[in-house]
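Chemist: predicted model and sequence below, questions to follow.
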Amino acid sequence: MNKTSISDASSRPMQMHLPQPRGLVVVLCLLGLMAFLPLVATPYLLLLMIPFFGYGIALLGFNLLFGTTGLLSFGHALFLGVGAYMAAVMTSRLGIQNFEMILLAAVLVAAVISVLIGLLCVRYTKIFFGMLTLAFGMLFHSFLFKFYDLTGGDQGMRIGRPTLLGMDYTGTKTEFLAGPFYYYSLVLFALIAVVMWRIVRSPFGLHLRAIRENADKAAYVGVSVFRMRLAAFVISGVTGAIGGAVLGVVVGLADPEIAFWTQSGNLVFMAVLGGSSTFVGPVIGSLVFVLLQDWVMSVSEYWRLVMGTILILLVMFLPQGLCAAVVGLFNRKPGGQ
């Protein structure tokens, strides 16, 4: 055997373990197409896509906790609220318009809150974890709703127009959102997608998947289950706050309803809709959810009933989500074999 064949043979096992970045490629291709959307789409559609960016960013972290680690949070909208209210406090109370500073403040506050909550919650799994996160989410919503002097109560807090990369924009709000802020959110989404892909495919992500499959066996081979779960919870909280800041700027108001349990249900709906077993699934789920909700609300006042029916049908006929169903369809062998 010559040196070339020896080199080839020794490199094959390493190649087998390299991750195939198909999920990341799909996300980046989708965002790349959306970079050209302002050339052909109406401002209304562009304004509809920015919530998709916000939800998509939040779901990348949410699925690290849910799909990768196996912990289902029913109170994750808490972190959307943290991001939105930090944007409101920074712009309206402190007079800081720089969006990079807003994101940094949201990340720091969300990290502290997620550590404090996670220290208790990640000790439990399954329904116990879900109920604890739901309880903390409802406590946060009650705080936002009741402490009027601090949070504005049911009227919320206004979010001023931020500056992007130190540059101010003097056009109308629609022009700002459909122009500079649209592209800023798109690039932010792409960067976070790359970071989350590296996290999921890193040894840390492998440990999380091992914990999801069998926490006792993972602990037996030396994996620190508690610390890994806590780290996943903190990362998911931070990305949720970033997504909440993006959503808050679009609405222009930080409202207690952004932290209500129904928003947490929407996040779960999106993850299940696209397929939490894949990296790209929650992203596709958030896009489909935003478009579907907008369409259903335009044709029926009973849109919640329609969305609930869709979720029931999805669980019954496509339990793995849209992406898993498409992958299964393409992987099906001819002749049903």
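Modeler: Happy to help now that I have it. Just so you know, these numbers come straight off a predicted model, no measurement behind them. Numbering: from 1, shown residues only.
Chemist: show me where this structure dips below the pLDDT cut-off.
Modeler: Where the chain drops to pLDDT under 70, the residues are 1-21, 324-337.
Chemist: longest helix of it?
Modeler: Using DSSP state H to define each element, the chain has its longest helix at helix 225-251.
Chemist: next SSE downstream of it?
Modeler: Next along the chain after helix 225-251, taking DSSP states H and E as the criterion, comes strand 253-254.
Chemist: which parts of the stretch 1-150 of the chain are helices?
Modeler: Ranges of helices in the stretch 1-150 of the chain, per DSSP state H, counting those that start in this stretch, are 3-17, 22-35, 43-63, 77-88, 99-121, 126-146, 148-151.
Chemist: what packs against the fourth one?
Modeler: Packing contacts for helix 77-88, counted by 3 or more CB pairs under 8 Å, 6 or more residues apart in numbering; DSSP states H and E, involve helix 99-121, helix 126-146, strand 157-158, helix 225-251, strand 253-254, helix 261-274. C-beta here means a position set from N, CA and C on the backbone, and glycine is covered the same way.
Chemist: the third one too?
Modeler: Under the contact criterion of 3+ CB pairs under 8 Å, 6+ apart, the helices and strands touching helix 43-63 comprise helix 173-176, helix 182-200, helix 225-251, helix 261-274, helix 281-299.
Chemist: for Gly153, which of these is the nearest?
Modeler: Proximity to Gly153 (CB to CB) singles out helix 225-251 among the helices and strands packed on helix 43-63, at 16.7 Å.
Chemist: and the closest one, what's buried?
Modeler: Neighbour counts over helix 225-251 (16 or more other CB atoms under 10 Å) mark 225, 228-251 as buried.
Chemist: before we move on, back to that, and the angle from the longest helix of the chain to helix 182-200?
Modeler: Per axes from the mean of the first three to the mean of the last three CA atoms, to 10 degrees, the angle that helix 225-251 makes with helix 182-200 is 170 degrees.
Chemist: report the inter-axis angle for helix 225-251 versus helix 77-88.
Modeler: With the same axes, to 10 degrees defining the directions, helix 225-251 sits at 50 degrees from helix 77-88.
Chemist: may I see the buried residues of stretch 76-93?
Modeler: In terms of neighbour count (16+ other CB under 10 Å), stretch 76-93 has its buried residues at 76-91.
Chemist: tell me the contacts of the residue nearest to Gly275 when sequence neighbours are not counted?
Modeler: In this structure, Gly275 finds its nearest non-sequential neighbour in Gly321, 2.5 Å apart by CB to CB, 6 or more residues apart in numbering. By CB atoms under 8 Å, 6 or more residues apart in numbering, the residues touching Gly321 are Val272, Leu273, Gly274, Gly275, Ser276, Ser277, Thr278, Gly281, Gly285, Leu314.
Chemist: at 7 Å instead, please
Modeler: Val272, Leu273, Gly274, Gly275, Ser276, Gly281, Gly285 (CB atoms under 7 Å, 6 or more residues apart in numbering).
Chemist: let me know the closest of those to Gly152.
Modeler: Nearest member of those to Gly152, counting by CB to CB, is Gly285, at 31.5 Å.
Chemist: what sits closest to that closest one if chain neighbours are left out?
Modeler: Gly274 (2.6 Å).
Chemist: do the same with Val26
Modeler: Leaving aside its sequence neighbours, Val26 sits nearest to Val280 (CB to CB, 6+ apart; 4.6 Å).
Chemist: next, count neighbours for that neighbour.
Modeler: 22 (other CB atoms under 10 Å).
Chemist: I'd guessed it sits against Leu287; true?
Modeler: No - the criterion here is CB atoms under 7 Å, and Val280 misses it with Leu287 at 10.3 Å.
Chemist: just to revisit the earlier point, could the helices and strands packed on helix 77-88 go into a markdown table alongside distance to Ser202?
Modeler: Shown next, in a markdown table, are those (distance: least, CB to CB, whole Å):
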| stretch | distance to Ser202 |
| --- | --- |
| helix 99-121 | 19 |
| helix 126-146 | 23 |
| strand 157-158 | 38 |
| helix 225-251 | 11 |
| strand 253-254 | 34 |
| helix 261-274 | 21 |
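Chemist: can I assume Val223 sits in a helix?
Modeler: No - going by DSSP: H, G, I helix; E, B strand; the rest coil, the assignment for Val223 is coil, not a helix.
Chemist: contacts only, for it.
Modeler: Neighbour list for Val223: His207, Ala210, Ile211 [criterion: CB under 7 Å, 6+ apart].
Chemist: let's see which of the residues you listed end up in helices.
Modeler: Filtering the contacts of Val223 for helices - DSSP H - leaves His207, Ala210, Ile211.
Chemist: between the residues you listed, which has the most around it?
Modeler: Neighbour counts for these, by other CB under 10 Å, peak at Ile211, which reaches 25 neighbours.
Chemist: quick check, that one in contact with Leu71.
Modeler: No - with contacts counted by CB under 7 Å, Ile211 stays clear of Leu71, the gap being 9.1 Å.
Chemist: mutual contacts of those two, please.
Modeler: If you check Ile211 and Leu71 against CB under 7 Å, 6+ apart, the residues they both contact are Arg229.
Chemist: burial check on Thr262, number of neighbours?
Modeler: Residues near Thr262, counting by other CB under 10 Å, number 10.
Chemist: any idea how far Gly95 is from it?
Modeler: Distance of Thr262 to Gly95, given as CB to CB, to the nearest Å: 33 Å.
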